[in-house]
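K.L.:
sequence plus the predicted model coming up.
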Amino acid sequence: MARHKIYQEEEFPSPFIQLWLIFRQSPVVMIGFGSFLFLTVLAVFSPLLTPYSPVESHLNSLLLPPAWDDAGDISYLLGTDNLGRDMLSRLMHGTSLTFGLSFIVVIISLVIGVIIGSLSALTKGIKSSFLNHFLDVILSIPSLLLAIVIVAILGPGLDNTLWAIVMVLIPQFVHITRNAVKEELTKDYVLASRLDGAGSIRILSYSVFPNIIEKIVSQATLAQSAAILDIAALGFLGLGAPIPLPEWGAMLSNGIDLFYIAPWTVYLPGLAILFAVVATNLVGEGMRHAIRQRKES
(Lines give C-alpha, C1' and ligand atoms only; values in the text may rest on other atoms or scores of the structure.)
Protein backbone atom coordinates (compact mmCIF):
# COMPACT_ATOMS: atom_id res chain seq x y z
CA MET A 1 0.00 0.00 0.00
CA ALA A 2 1.41 3.38 -1.04
CA ARG A 3 2.16 5.83 1.72
CA HIS A 4 0.71 9.33 1.48
CA LYS A 5 2.93 12.36 1.91
CA ILE A 6 1.53 14.40 4.77
CA TYR A 7 4.24 17.07 4.88
CA GLN A 8 5.43 19.02 1.87
CA GLU A 9 9.20 18.72 1.87
CA GLU A 10 11.36 21.05 -0.19
CA GLU A 11 14.14 19.21 -1.98
CA PHE A 12 17.48 20.91 -2.48
CA PRO A 13 19.72 19.61 -5.27
CA SER A 14 23.24 18.55 -4.47
CA PRO A 15 26.14 20.89 -5.40
CA PHE A 16 26.92 18.83 -8.51
CA ILE A 17 23.27 18.95 -9.63
CA GLN A 18 23.20 22.71 -9.08
CA LEU A 19 26.41 23.02 -11.10
CA TRP A 20 24.94 20.95 -13.95
CA LEU A 21 21.68 22.95 -14.00
CA ILE A 22 23.65 26.19 -14.40
CA PHE A 23 26.15 24.63 -16.81
CA ARG A 24 23.52 23.46 -19.29
CA GLN A 25 21.79 26.84 -19.55
CA SER A 26 24.16 28.08 -22.27
CA PRO A 27 23.60 26.49 -25.73
CA VAL A 28 27.17 27.34 -26.80
CA VAL A 29 28.61 25.55 -23.77
CA MET A 30 26.42 22.51 -24.46
CA ILE A 31 27.68 22.41 -28.05
CA GLY A 32 31.22 22.43 -26.69
CA PHE A 33 30.30 19.73 -24.17
CA GLY A 34 28.79 17.58 -26.93
CA SER A 35 31.92 18.07 -29.03
CA PHE A 36 34.06 17.12 -26.03
CA LEU A 37 32.07 13.91 -25.54
CA PHE A 38 32.35 13.17 -29.27
CA LEU A 39 36.14 13.50 -29.14
CA THR A 40 36.27 11.32 -26.03
CA VAL A 41 34.27 8.54 -27.69
CA LEU A 42 36.34 8.85 -30.86
CA ALA A 43 39.59 8.66 -28.87
CA VAL A 44 38.46 5.43 -27.22
CA PHE A 45 36.92 3.67 -30.21
CA SER A 46 38.90 5.11 -33.14
CA PRO A 47 40.84 1.85 -33.76
CA LEU A 48 37.48 0.14 -34.37
CA LEU A 49 35.95 2.92 -36.48
CA THR A 50 38.73 3.83 -38.91
CA PRO A 51 38.06 2.56 -42.47
CA TYR A 52 41.77 1.94 -43.13
CA SER A 53 44.94 1.46 -41.15
CA PRO A 54 46.45 4.87 -40.33
CA VAL A 55 49.89 3.74 -41.61
CA GLU A 56 48.69 1.75 -44.64
CA SER A 57 49.89 3.20 -47.97
CA HIS A 58 47.79 3.10 -51.14
CA LEU A 59 50.34 3.73 -53.86
CA ASN A 60 47.66 4.06 -56.54
CA SER A 61 46.01 6.94 -54.67
CA LEU A 62 48.75 9.44 -53.83
CA LEU A 63 47.68 12.99 -52.85
CA LEU A 64 44.02 12.46 -53.63
CA PRO A 65 41.94 15.53 -52.69
CA PRO A 66 38.85 15.20 -50.46
CA ALA A 67 35.77 13.54 -51.92
CA TRP A 68 33.93 16.84 -52.56
CA ASP A 69 36.64 17.85 -55.03
CA ASP A 70 36.17 16.92 -58.71
CA ALA A 71 39.34 14.82 -58.60
CA GLY A 72 38.42 13.18 -55.30
CA ASP A 73 37.36 9.63 -54.55
CA ILE A 74 34.49 8.68 -52.25
CA SER A 75 36.61 5.78 -50.96
CA TYR A 76 38.87 8.37 -49.32
CA LEU A 77 36.46 10.90 -47.87
CA LEU A 78 39.12 13.39 -46.72
CA GLY A 79 41.72 12.48 -49.34
CA THR A 80 45.18 10.96 -48.94
CA ASP A 81 48.68 12.22 -48.19
CA ASN A 82 51.90 11.93 -50.16
CA LEU A 83 52.25 8.24 -49.22
CA GLY A 84 48.66 7.37 -50.07
CA ARG A 85 47.53 7.10 -46.45
CA ASP A 86 43.86 7.84 -45.76
CA MET A 87 43.56 11.23 -44.06
CA LEU A 88 40.26 10.38 -42.35
CA SER A 89 41.73 7.25 -40.74
CA ARG A 90 44.82 9.17 -39.65
CA LEU A 91 42.79 12.01 -38.16
CA MET A 92 40.50 9.60 -36.30
CA HIS A 93 43.43 7.60 -34.95
CA GLY A 94 45.23 10.84 -34.12
CA THR A 95 42.38 11.69 -31.75
CA SER A 96 43.68 8.95 -29.44
CA LEU A 97 47.24 10.26 -29.64
CA THR A 98 46.59 13.99 -29.24
CA PHE A 99 43.27 14.36 -27.43
CA GLY A 100 43.17 11.01 -25.63
CA LEU A 101 46.73 11.17 -24.33
CA SER A 102 46.17 14.75 -23.16
CA PHE A 103 43.30 13.46 -21.02
CA ILE A 104 45.54 10.78 -19.47
CA VAL A 105 48.31 13.32 -18.90
CA VAL A 106 45.92 15.66 -17.09
CA ILE A 107 44.57 12.85 -14.87
CA ILE A 108 48.11 11.84 -13.80
CA SER A 109 49.10 15.47 -13.19
CA LEU A 110 45.88 16.12 -11.28
CA VAL A 111 46.34 13.19 -8.89
CA ILE A 112 49.98 13.98 -8.14
CA GLY A 113 49.41 17.75 -7.96
CA VAL A 114 46.38 17.48 -5.65
CA ILE A 115 48.23 15.19 -3.25
CA ILE A 116 51.30 17.45 -3.09
CA GLY A 117 49.20 20.62 -2.93
CA SER A 118 47.03 19.28 -0.12
CA LEU A 119 49.98 18.20 1.99
CA SER A 120 51.84 21.45 1.34
CA ALA A 121 48.80 23.44 2.48
CA LEU A 122 49.21 21.85 5.92
CA THR A 123 52.83 22.98 6.23
CA LYS A 124 53.95 26.28 7.69
CA GLY A 125 57.12 28.30 8.05
CA ILE A 126 60.20 27.83 5.86
CA LYS A 127 58.82 24.79 4.00
CA SER A 128 55.67 26.63 3.00
CA SER A 129 57.57 29.76 1.97
CA PHE A 130 60.12 27.79 -0.09
CA LEU A 131 57.40 25.86 -1.93
CA ASN A 132 55.45 29.04 -2.62
CA HIS A 133 58.45 30.81 -4.17
CA PHE A 134 59.46 27.68 -6.10
CA LEU A 135 55.98 27.43 -7.62
CA ASP A 136 56.06 31.11 -8.57
CA VAL A 137 59.32 30.57 -10.45
CA ILE A 138 58.06 27.44 -12.26
CA LEU A 139 54.71 29.00 -13.21
CA SER A 140 56.46 32.09 -14.62
CA ILE A 141 58.05 29.92 -17.34
CA PRO A 142 55.82 29.22 -20.39
CA SER A 143 54.65 25.61 -20.31
CA LEU A 144 55.73 24.84 -23.87
CA LEU A 145 59.24 26.19 -23.28
CA LEU A 146 59.57 24.16 -20.10
CA ALA A 147 58.31 21.04 -21.91
CA ILE A 148 60.88 21.54 -24.70
CA VAL A 149 63.68 21.83 -22.11
CA ILE A 150 62.57 18.64 -20.37
CA VAL A 151 62.25 16.72 -23.67
CA ALA A 152 65.71 17.96 -24.66
CA ILE A 153 67.03 16.42 -21.43
CA LEU A 154 65.05 13.17 -21.61
CA GLY A 155 65.33 12.77 -25.40
CA PRO A 156 62.69 12.90 -28.15
CA GLY A 157 59.83 10.42 -28.27
CA LEU A 158 56.16 10.21 -27.40
CA ASP A 159 56.72 8.70 -23.94
CA ASN A 160 59.21 11.38 -22.93
CA THR A 161 56.89 14.05 -24.32
CA LEU A 162 54.04 12.85 -22.12
CA TRP A 163 56.22 12.74 -19.01
CA ALA A 164 57.53 16.22 -19.79
CA ILE A 165 53.98 17.60 -20.03
CA VAL A 166 53.04 15.82 -16.79
CA MET A 167 55.96 17.53 -15.02
CA VAL A 168 54.90 20.87 -16.52
CA LEU A 169 51.26 20.54 -15.41
CA ILE A 170 51.89 19.27 -11.87
CA PRO A 171 52.93 22.71 -10.47
CA GLN A 172 49.68 24.21 -11.79
CA PHE A 173 47.59 21.70 -9.84
CA VAL A 174 49.81 22.05 -6.78
CA HIS A 175 49.32 25.83 -6.87
CA ILE A 176 45.52 25.78 -7.32
CA THR A 177 45.04 23.01 -4.72
CA ARG A 178 47.32 24.62 -2.16
CA ASN A 179 45.57 27.99 -2.38
CA ALA A 180 42.10 26.43 -2.33
CA VAL A 181 42.86 24.22 0.68
CA LYS A 182 44.44 27.10 2.61
CA GLU A 183 41.34 29.20 1.94
CA GLU A 184 39.01 26.45 3.16
CA LEU A 185 41.07 25.74 6.27
CA THR A 186 40.30 29.24 7.56
CA LYS A 187 36.53 28.69 7.52
CA ASP A 188 34.33 27.92 10.49
CA TYR A 189 33.20 24.46 9.43
CA VAL A 190 36.83 23.28 9.46
CA LEU A 191 37.24 24.68 12.99
CA ALA A 192 34.09 22.77 14.02
CA SER A 193 35.56 19.56 12.62
CA ARG A 194 38.79 20.15 14.55
CA LEU A 195 36.85 20.71 17.77
CA ASP A 196 35.12 17.37 17.16
CA GLY A 197 38.54 15.72 17.15
CA ALA A 198 38.98 15.18 13.40
CA GLY A 199 42.54 14.84 12.14
CA SER A 200 44.05 16.71 9.22
CA ILE A 201 43.62 13.84 6.72
CA ARG A 202 39.97 13.36 7.68
CA ILE A 203 39.31 17.10 7.38
CA LEU A 204 40.86 17.12 3.92
CA SER A 205 38.93 14.04 2.79
CA TYR A 206 35.47 14.78 4.17
CA SER A 207 35.35 18.55 4.63
CA VAL A 208 37.73 20.34 2.28
CA PHE A 209 37.85 18.24 -0.89
CA PRO A 210 34.06 18.26 -1.52
CA ASN A 211 34.21 22.07 -1.53
CA ILE A 212 37.21 22.48 -3.85
CA ILE A 213 36.56 19.70 -6.37
CA GLU A 214 34.84 22.16 -8.71
CA LYS A 215 37.93 24.41 -8.84
CA ILE A 216 40.13 21.41 -9.56
CA VAL A 217 37.88 20.20 -12.39
CA SER A 218 37.83 23.70 -13.88
CA GLN A 219 41.64 23.82 -13.74
CA ALA A 220 41.77 20.37 -15.36
CA THR A 221 39.92 21.62 -18.45
CA LEU A 222 42.40 24.49 -18.81
CA ALA A 223 45.28 22.08 -18.35
CA GLN A 224 43.91 19.74 -21.00
CA SER A 225 43.69 22.45 -23.65
CA ALA A 226 47.30 23.37 -22.82
CA ALA A 227 48.29 19.68 -23.00
CA ILE A 228 46.68 19.32 -26.44
CA LEU A 229 48.65 22.29 -27.75
CA ASP A 230 51.89 21.09 -26.12
CA ILE A 231 51.59 17.56 -27.55
CA ALA A 232 50.81 18.95 -31.00
CA ALA A 233 53.60 21.55 -30.80
CA LEU A 234 56.22 19.02 -29.75
CA GLY A 235 55.03 16.68 -32.50
CA PHE A 236 55.29 19.53 -35.00
CA LEU A 237 58.87 20.22 -33.88
CA GLY A 238 59.79 16.55 -34.29
CA LEU A 239 60.26 16.01 -30.54
CA GLY A 240 57.06 14.07 -29.93
CA ALA A 241 55.42 11.20 -31.77
CA PRO A 242 57.65 9.50 -34.37
CA ILE A 243 56.83 10.01 -38.05
CA PRO A 244 54.65 6.92 -38.77
CA LEU A 245 52.21 7.74 -35.97
CA PRO A 246 49.30 10.00 -37.02
CA GLU A 247 49.63 12.54 -34.22
CA TRP A 248 48.00 15.82 -35.34
CA GLY A 249 51.09 17.98 -34.78
CA ALA A 250 53.32 15.52 -36.63
CA MET A 251 50.77 15.35 -39.48
CA LEU A 252 50.82 19.13 -39.67
CA SER A 253 54.60 19.13 -39.87
CA ASN A 254 54.64 16.44 -42.58
CA GLY A 255 52.21 18.40 -44.74
CA ILE A 256 53.98 21.78 -44.59
CA ASP A 257 56.10 21.05 -47.66
CA LEU A 258 52.99 19.96 -49.57
CA PHE A 259 50.84 22.94 -48.69
CA TYR A 260 50.64 24.42 -52.21
CA ILE A 261 50.17 21.00 -53.82
CA ALA A 262 47.89 19.33 -51.27
CA PRO A 263 46.62 21.93 -48.77
CA TRP A 264 44.24 19.43 -47.13
CA THR A 265 47.25 17.68 -45.57
CA VAL A 266 47.81 20.86 -43.54
CA TYR A 267 44.44 22.41 -42.83
CA LEU A 268 42.71 19.14 -41.79
CA PRO A 269 45.03 18.36 -38.84
CA GLY A 270 45.12 22.09 -38.05
CA LEU A 271 41.32 22.20 -37.88
CA ALA A 272 41.32 19.07 -35.73
CA ILE A 273 43.64 20.74 -33.19
CA LEU A 274 41.52 23.90 -33.26
CA PHE A 275 38.29 21.91 -32.80
CA ALA A 276 39.68 19.99 -29.80
CA VAL A 277 41.05 23.12 -28.10
CA VAL A 278 37.87 25.15 -28.65
CA ALA A 279 35.64 22.32 -27.36
CA THR A 280 37.81 21.89 -24.25
CA ASN A 281 37.91 25.65 -23.59
CA LEU A 282 34.13 25.93 -23.94
CA VAL A 283 33.68 23.20 -21.33
CA GLY A 284 36.18 24.94 -19.04
CA GLU A 285 34.53 28.33 -19.48
CA GLY A 286 31.14 26.79 -18.78
CA MET A 287 32.51 25.21 -15.62
CA ARG A 288 33.99 28.49 -14.37
CA HIS A 289 30.77 30.36 -15.13
CA ALA A 290 28.68 27.72 -13.35
CA ILE A 291 30.94 27.78 -10.28
CA ARG A 292 30.77 31.58 -10.11
CA GLN A 293 26.98 31.60 -10.50
CA ARG A 294 26.49 28.92 -7.85
CA LYS A 295 28.60 30.83 -5.34
CA GLU A 296 26.71 34.06 -6.00
CA SER A 297 23.28 32.44 -5.63
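P.N.:
Looks like it arrived, so ask away.
K.L.:
the longest helix along the chain - what's its average pLDDT?
P.N.:
Counting by DSSP state H, the longest helix found in the chain is helix 264-296. Helix 264-296 carries an average pLDDT of 88.
K.L.:
I'd like to know how many residues surround Leu222.
P.N.:
Using other Cβ atoms under 10 Å, the number of residues around Leu222 comes to 19. Where you see a C-beta, it was placed from the backbone N, CA and C, and this is true even at glycine.
K.L.:
who's in contact with it?
P.N.:
Contacts for Leu222 (Cβ atoms under 8 Å, 6 or more residues apart in numbering) come out as 281, 284.
K.L.:
got the angle between the helix or strand harbouring it and helix 264-296?
P.N.:
Per DSSP states H and E, Leu222 falls inside helix 209-236. Angle, helix 209-236 to helix 264-296, by axes from the mean of the first three to the mean of the last three Cα atoms, to 10 degrees: 160 degrees.
K.L.:
how would you label Ile243: helix, strand or coil?
P.N.:
Assigned state for Ile243: coil (three-state reduction, DSSP: H, G, I helix; E, B strand; the rest coil).
K.L.:
surely it meets Ala250?
P.N.:
Yes - between Ile243 and Ala250 there is a contact under Cβ atoms under 8 Å: 6.6 Å.
K.L.:
the more surrounded of those two?
P.N.:
Ala250 (29 against 13).
K.L.:
helix/strand/coil for the more buried one?
P.N.:
Ala250 - assigned by three-state DSSP - is helix.
K.L.:
my read is Leu110 is in a helix, agree?
P.N.:
Yes - using three-state DSSP, the secondary structure at Leu110 is a helix.
K.L.:
tell me if I'm right that it and Ala220 touch.
P.N.:
Yes - with contact defined as Cβ under 8 Å, Leu110 reaches Ala220; the gap is 5.6 Å.
K.L.:
pull up the overlap in contacts between these two.
P.N.:
Phe173.
K.L.:
run through the stretch 151-297 of the chain and note the low-pLDDT ranges.
P.N.:
Where the stretch 151-297 of the chain drops to pLDDT under 70, the residues are 297.
K.L.:
which secondary structure elements does the longest helix of the chain contact?
P.N.:
Applying 3 or more Cβ pairs under 8 Å, 6 or more residues apart in numbering; DSSP states H and E, we find helix 264-296 packed against helix 15-23, helix 27-49, helix 87-95, helix 209-236, helix 248-255.
K.L.:
check contacts around the residue nearest to Thr50 when sequence neighbours are not counted.
P.N.:
Nearest-residue entry for Thr50: Ser89, 4.1 Å, with adjacent residues in sequence omitted and distances by Cβ to Cβ, 6 or more residues apart in numbering. Applying Cβ under 8 Å, 6+ apart to Ser89 gives the contacts 50-54, 56, 246.
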